[in-house]
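A.B. asks: Here's a sequence, model it:
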Amino acid sequence: MKNHSKIPKVFISHSSVDTWIAKQIGLQIEKCGASYFLDEAGIEHGDDFENVIRKAANDSSELVVLLTPWATTRPYIWLEMGIFWGSGKRIVGILHGLTVDTISTDPKIPVILKKTDFVNLNEIESYFAQLKKRVITGKEKND
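C.D. replies: Numbering: from 1, shown residues only. The predicted structure follows:
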């Protein structure tokens with residue numbers, strides 16, 4: 001039986017170049033029974049961008065960060081990861097165009113990212129299977 005009070009909400013962090021991929025990830029998250037926040041859909045014209053990001057991060061139970069060569073230069077990726085890391089929430093790095101070796105040896109990559117659980121985009125089904133299990137059991141990272 002589902003515990004609806006603990007349905008995961010996933011914050012999707014991505015570069016604007018990767019918006020289409022991020023939307024596809026969001027659709028799959030919904031198919032798992034969870035909800036998601038994507039800045040393109042969650043921020044309206046005239047909103048204070050940073051306040052909306054902060055509130056959405058606080059309201060989310062986990063972060064999926066789409067890591068691509070161009071995403072690692074985006075300051076908001078690091079800001080969003082810092083919010084989740086600081087609150088002890090689950091962080092899952094989805095690699096596309098990068099490898100774990102690239103991440104671990106690049107001195108510009110923050111240490112918190114090097115400790116993140118990575119999934120290659122071609123193997124993202126394993127993340128969706130784990131998410132679906134969390135939806136069914138109602139368990140989050142800190143339970």
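
A.B. asks: List every C-alpha atom in the helix or strand that contains I91, with coordinates, as CSV.
C.D. replies: According to DSSP states H and E, I91 maps onto strand 90-95. What follows is strand 90-95, C-alpha atoms only, in CSV (Å, rounded to 0.1, in the frame of the first residue of the first chain):
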residue,chain,number,x,y,z
ARG,A,90,19.5,11.8,-2.2
ILE,A,91,21.6,13.0,-5.2
VAL,A,92,21.8,10.9,-8.3
GLY,A,93,24.1,12.0,-11.2
ILE,A,94,23.0,11.0,-14.6
LEU,A,95,26.0,10.9,-17.0
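
A.B. asks: what about the residue nearest to I124 when sequence neighbours are not counted, distance to D101?
C.D. replies: Excluding the flanking residues, the one nearest I124 by C-beta to C-beta, 6 or more residues apart in numbering is I94, at 6.1 Å. For the C-beta atoms, the positions are set from N, CA and C on the backbone; glycine is no exception. Separation of I94 from D101 (C-beta to C-beta, to the nearest Å): 16 Å.

A.B. asks: for F11, same thing?
C.D. replies: Taking C-beta to C-beta, one finds F11 at 26 Å from D101.

A.B. asks: Who has more neighbours out of the two?
C.D. replies: Set F11 next to D101 and count neighbours by other C-beta atoms under 10 Å: F11 wins out with 25 against 8.

A.B. asks: Which of the residues in the helix or strand containing S126 are classified as buried?
C.D. replies: Using DSSP H and E, S126 sits within helix 125-137. Buried residues in helix 125-137, counted by 16 or more other C-beta atoms under 10 Å: 127-128, 131-132, 134-135.

A.B. asks: now the angle between strand 90-95 and it, please.
C.D. replies: 160 degrees (axes from the mean of the first three to the mean of the last three C-alpha atoms, to 10 degrees).

A.B. asks: Would you mind extracting the C-alpha trace of helix 125-137 into CSV?
C.D. replies: Provided in CSV are the C-alpha atoms of helix 125-137 (Å, rounded to 0.1, in the frame of the first residue of the first chain):
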residue,chain,number,x,y,z
GLU,A,125,16.2,2.3,-16.1
SER,A,126,17.9,1.1,-13.0
TYR,A,127,17.3,4.5,-11.3
PHE,A,128,13.6,4.4,-12.4
ALA,A,129,13.3,0.9,-10.9
GLN,A,130,14.7,2.1,-7.6
LEU,A,131,12.4,5.2,-7.7
LYS,A,132,9.4,3.0,-8.3
LYS,A,133,10.3,0.9,-5.4
ARG,A,134,10.5,4.0,-3.2
VAL,A,135,7.1,5.1,-4.4
ILE,A,136,5.6,1.7,-3.5
THR,A,137,7.2,1.5,-0.1
